[in-house]
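A.B. asks: Got a sequence here, can you build the structure:
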Amino acid sequence: MVLSGPPGHAWFEEDILDISLSILDRSLNHRQDPSTDVSNRNDPIYVCRVISAMVNSNDEKGVVEGKWSGNYRSGTNPLHWSGSVTILRKWYRGRYKPIRYGQCWVFAGVMCTVLRSLGIPTRVITNFNSAHDTNINLSIDKYIDVSGKTLHLTEDSVWNFHVWNESWFTRRDLGSFYDGWQVLDATPQEKSKGIYRCGPASTRAIKEGDVNLDYDSSFVFAAVNADCVTWIHHSNKRKERIYSNTRKIGKFISTKAVGTNTRVDVTDNYKYPEGSSKEREVYKKALKLLRVRNTGRRKKVTKPRRRLPVAWRQNMRATTRKPTVSGKLKLDASPVIGQDILLTLALQNLTADFKTIKVKLKASAVLYTRKPKAEILQWSRSVQLGSEEAKEISFKITYSQYKNALLDDRKILVTAVCETRQGASLLLEKDIVLQDPLLTIEVLGPTVVHKATTVLVTFTNPLSEVVTDCVLRAEGSGLLKEQLNINVARMAPMETSTAEFEIIPYKSGIRQLQVDLACIQFSNIKGFVMLDVAPAQ
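C.D. replies: Model (predicted):
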C-alpha cells in the first residue's frame, strides 16, 4: 500500500525533467505526428492521458512492465522499489527498455513524479476494497463452492487495495462544475479508447454518478461504489445467493497530508456517506446511465435484459428471511510472520430449535488482489447447537503449514461455509495480514550538507530458521544520489543484526531516508526516518 507520493521531492532530482520529456517524446502520439503532439502539450487532459499510457509498457513500450504473480528473478520484485527516481533513471539509461516489474503502487509513484515534474499538481490515492468491474454493471459477483473455494466464474474482483493518482486542473471539456481533482490510473487493467490507460475522470463526476462523462468515469465509479454479491455454487450447479453488500467497496480512500506523514481521508470526495439515501440515489442514477449506454436506447430500464433462472430468483427472495444462525471468525492475537496464527470460529443459534451445522473451513495464501494462489489448510466438522446456544471453536494455522505457501504480500484468506438443513447457508471470511519484523533506523549525529553521517539499521530475524542472502537497500532524495545496496550474508534464528552505512547529504531541508530489507523468506520490510539537513557551514 502507498499513501504518499514520491519521497523527498523526487521530481526536482537531477535529470528527472529531461526523462519526463523523453517519455512524452517516446509516446505513440509523438512518433505518429510530432508537431500535433507538441502543440497539444499545453492541455493537461492530453498530457495526462499520454503519461497514463506511457508509464505502463503494455501498448507503447513504456516505463514499467507489470507482473502480479510468479517469480521476479528476471527483474525486481515490485515490493522492493523504494522510489520512482531509480526506476526512471534505469529506463532512461537502459535505452527505454521497460523496467521489470511493477504493480499499482509502482505505477502510481512513477506517474506522480512525472506529472509533477511537468508542472501538473498530482498526488497518490489509495482505495481499500477496490472493485475491478470488468463488465461495468456496478455489481461484483463472487462465487464459491461448498468447501469455501473461490470459483473463477467471472473476471470481476475486489482488491484489498488499489493505488492510483489524482491531478488538479480545470475541465474545459466538461464545464467548471467538474474542475479540481481528476483520477488517473496507469495500472494496465482495462483499455480506454483502445489503449491501456485510465482517466482523467473528475472526482466530482464520480461522486454525482455522472458515469457518461469522459474519461473512464464509469470504471472509477465502480471501483469505489459497486455492490458485492456473494453466491455459493452447490454441487448440483444450484447457485445460492448468500448476501449483497452495498457498503463494502471503496473504504478509507486516502492520501498523504501536505507537509506531514499523516493520512488524509478523501472518501467524501468520491461518494456520499454509505447507507445514506443520497448515496443510493447516485448509485441508481449511475446504473440507469450505464444501462442506457449499453442498450443504445434512451428509455427507462427497470429489469435486467436477461431474466434470472427461477432458482436464482427464489434464492434472492430467501435472503430477506430472518437469519437463524450467526457467526464470526476472530483472531486471538496479532499475527506475526514466523509464529502460529490463532483463530476462533464463533457460532450462535438464533432460534429455539436444535441445529446441526456442517462447517467447511479453508485457508489460502492470496495476493493483494485477493486471488488465491496456494492452499494452506482445509478441514470440516459438524457443530451441534441447542436452543439459542453459542459455541466457540479454536484452531490454528501453524508456521510450518503456511511458510512455504506464503507469498510476498503475506496475506491469508480464511473462509468458512456453514450449512444447516433448516435454512440458508452462512459464509464467513477473514483477511489476515502478517506483521512485518522490526526494523529501526538511527542516525548517529547531525546531518549537514556535504558532511558524512553514519546510519545504523537494526533488524531481527523473526523466524525459527536461518535466513540467508538478505539485501538492505537505502534511498533518499538529497541524501543518496543512487540507491545503496548492502548484502547481509546470514542471520541465525531470532538473531538481531545491524548494518552501518554513510550518507553525505547534498541538499538541505527536510529529507526522508528509506530503508528496505528483503530476502527469500520475507520481503518488503520497510522503514524510514525524516531528517532535517542543515546547509553547508
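A.B. asks: make it CA atoms for all contacts and neighbour counts henceforth
C.D. replies: Fine.
A.B. asks: and after the worst-scoring helix or strand of the chain on mean pLDDT, which helix or strand comes next?
C.D. replies: With mean pLDDT, DSSP states H and E as the measure, the helix or strand of the chain carrying the lowest mean pLDDT is helix 310-318 (a mean of 41). Of the helices and strands lying after helix 310-318 in sequence (DSSP states H and E), the nearest is strand 325-331.
A.B. asks: Checking my notes, Glu65 in a strand, right?
C.D. replies: Yes - assessed by DSSP: H, G, I helix; E, B strand; the rest coil, Glu65 belongs to a strand.
A.B. asks: what residues does stretch 495-515 touch?
C.D. replies: Judged by CA atoms under 8 Å, 6 or more residues apart in numbering, the contacts made with stretch 495-515 from elsewhere in the structure are 7-8, 82, 447-462, 472-480, 491, 526-535.
A.B. asks: Kindly recompute the last result at 6 Å.
C.D. replies: For stretch 495-515, contacts defined as CA atoms under 6 Å, 6 or more residues apart in numbering pick out 8, 449-461, 473-476, 478-479, 526-535.
A.B. asks: Helices of the chain, residue ranges please.
C.D. replies: 16-25, 28-32, 34-39, 44-55, 84-93, 104-117, 203-208, 217-225, 267-270, 277-295, 310-318, 399-402 (DSSP state H).
A.B. asks: and the angle from the first one to helix 104-117?
C.D. replies: Put simply, helix 16-25 runs at 100 degrees to helix 104-117, going by axes from the mean of the first three to the mean of the last three CA atoms, to 10 degrees.
A.B. asks: Can you point out the buried residues in helix 16-25?
C.D. replies: With burial defined by 16 or more other CA atoms under 10 Å, the residues of helix 16-25 counted as buried are Ile16, Leu17, Ile19, Ser20, Ile23, Leu24.
A.B. asks: For the residue nearest to the fourth one when sequence neighbours are not counted, the count of nearby residues, please.
C.D. replies: Counting by CA to CA, 6 or more residues apart in numbering, Val114 is the residue found nearest to Ser20 once chain neighbours are left out, at 5.4 Å. For Val114, the number of neighbouring residues by other CA atoms under 10 Å comes to 27.
A.B. asks: what residues are up against Leu517?
C.D. replies: Contacts for Leu517 were tallied using CA under 6 Å, 6+ apart; they are Val471, Leu472, Ile525.
A.B. asks: What distance do you get for the closest residue to Arg241 other than its chain neighbours to Lys430?
C.D. replies: Using CA to CA, 6+ apart and skipping residues adjacent in sequence, the residue nearest Arg241 is Trp231, 4.3 Å away. From Trp231 over to Lys430 the distance is 17 Å, taken as CA to CA, to the nearest Å.
A.B. asks: who has more neighbours, these two?
C.D. replies: Trp231 (22 against 16).
A.B. asks: Quick check: the gap between Gly259 and Val50.
C.D. replies: Using CA to CA, one gets 29 Å for the distance from Gly259 to Val50.
A.B. asks: quick one, which of these two is more surrounded?
C.D. replies: Taking neighbours as other CA under 10 Å, Gly259 and Val50 compare with Val50 leading, 23 against 7.
A.B. asks: do you know how far the more buried one is from Leu367?
C.D. replies: When distance is defined by CA to CA, Val50 is 29 Å away from Leu367.
A.B. asks: Just the ones of the contacts of Leu517 in strands?
C.D. replies: When DSSP state E is applied, those are split such that Val471, Leu472, Ile525 fall in strands.
A.B. asks: Skipping its backbone neighbours, what lies nearest the first one in space?
C.D. replies: Pointing back at Val471 there. Excluding the flanking residues, the one nearest Val471 by CA to CA, 6+ apart is Asn487, at 4.7 Å.
A.B. asks: So what's the residue count around the one you found?
C.D. replies: Applying other CA under 10 Å, we find 14 other residues in the vicinity of Asn487.
A.B. asks: burial of Lys251, as a residue count?
C.D. replies: For Lys251, the number of neighbouring residues by other CA under 10 Å comes to 20.
A.B. asks: ok, now which ones touch the nearest residue to it once chain neighbours are set aside?
C.D. replies: With sequence-adjacent residues excluded and distances taken as CA to CA, 6+ apart, Lys251 is closest to Phe128, at 5.0 Å. Taking CA under 6 Å, 6+ apart as the definition of contact, the neighbours of Phe128 are Asn160, Phe161, Gly250, Lys251.
A.B. asks: I'd like the distance between the third one and Asn160.
C.D. replies: This means Gly250. Taking CA to CA as the measure, Gly250 falls 10 Å from Asn160.
A.B. asks: Go ahead and confirm the residue nearest to Ser20 touches Asp18.
C.D. replies: No - between Val114 and Asp18 no contact is recorded; they are 10.0 Å apart, counting by CA atoms under 6 Å.
A.B. asks: Please pick the buried ones from the contacts of stretch 495-515.
C.D. replies: Buried positions within these, assessed by neighbour count (16+ other CA under 10 Å), are 8, 449-450, 453, 455, 457, 459-461, 473-476, 478-479, 526-528, 531, 533-534.
A.B. asks: for Val163, which residues make a bridge with it?
C.D. replies: Residues in a beta bridge with Val163, per DSSP bridges, are Thr126.
A.B. asks: State the pLDDT value of it.
C.D. replies: As summarised for this prediction, Val163 has a pLDDT of 98.
A.B. asks: Offset the numbering so it begins at 540, please.
C.D. replies: Let's use 540 as the start, then, which means that last one is Val702.
A.B. asks: For it, give its distance to Asn764.
C.D. replies: If you measure Val702 against Asn764 using CA to CA, the figure is 16 Å.
A.B. asks: which one of the two has more residues nearby?
C.D. replies: Set side by side, Val702 and Asn764 show unequal neighbour counts under other CA under 10 Å, the larger going to Asn764 at 30 against 27.
A.B. asks: OK, contacts around the more buried one?
C.D. replies: Contacts for Asn764 (CA under 6 Å, 6+ apart) come out as Ile788, Gly789.
A.B. asks: hmm, try it at 10 Å
C.D. replies: Contact analysis of Asn764 by CA atoms under 10 Å, 6 or more residues apart in numbering lists 668-670, 677-678, 745-746, 748, 785-790, 809-811, 813, 818-819, 821-822.
A.B. asks: Narrow the residues you listed to those that are buried.
C.D. replies: Buried positions within the contacts of Asn764, assessed by neighbour count (16+ other CA under 10 Å), are 668-670, 677-678, 745-746, 748, 785, 787-790, 809-811, 813, 818-819, 821-822.
A.B. asks: okay if I get the contacts of Leu1056 as CSV plus distance to Val805?
C.D. replies: Supplementary listing: those in CSV, determined by distance: CA to CA, whole Å:
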residue, distance to Val805
Val1010, 36
Leu1011, 34
Ile1064, 27
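A.B. asks: Which members of these come out as buried by neighbour count?
C.D. replies: Among those, the ones that count as buried by 16+ other CA under 10 Å are Val1010, Leu1011, Ile1064.
A.B. asks: Closest one of these to Tyr941?
C.D. replies: For Tyr941, the closest of the buried ones among the contacts of Leu1056 turns out to be Ile1064, at 18.7 Å, with distances computed as CA to CA.
A.B. asks: residues touching the closest one, list them.
C.D. replies: Counting by CA under 10 Å, 6+ apart, Ile1064 has contacts 618-619, 974-978, 998, 1011, 1054-1058.
A.B. asks: One more pass at 7 Å, please.
C.D. replies: Residues in contact with Ile1064, defined by CA atoms under 7 Å, 6 or more residues apart in numbering, are Asp975, Pro976, Asp1055, Leu1056, Ala1057.
A.B. asks: and if you look at Val994?
C.D. replies: When contacts are counted by CA under 7 Å, 6+ apart, Val994 is found next to Glu981, Val982, Leu983, Glu1039, Phe1040, Glu1041.
A.B. asks: For Thr954, which non-adjacent residue is closest in space?
C.D. replies: Leaving aside its chain neighbours, Thr954 sits nearest to Glu968 (4.5 Å; criterion: CA to CA, 6+ apart).
A.B. asks: one step back: any common contacting residues for Gly789 and Asn699?
C.D. replies: Counting by CA under 7 Å, 6+ apart, the residues touching both Gly789 and Asn699 are Phe667, Asn668, Ser669.
A.B. asks: From Val763, how far out is the last one?
C.D. replies: Between Ser669 and Val763 the computed distance is 6 Å (CA to CA).
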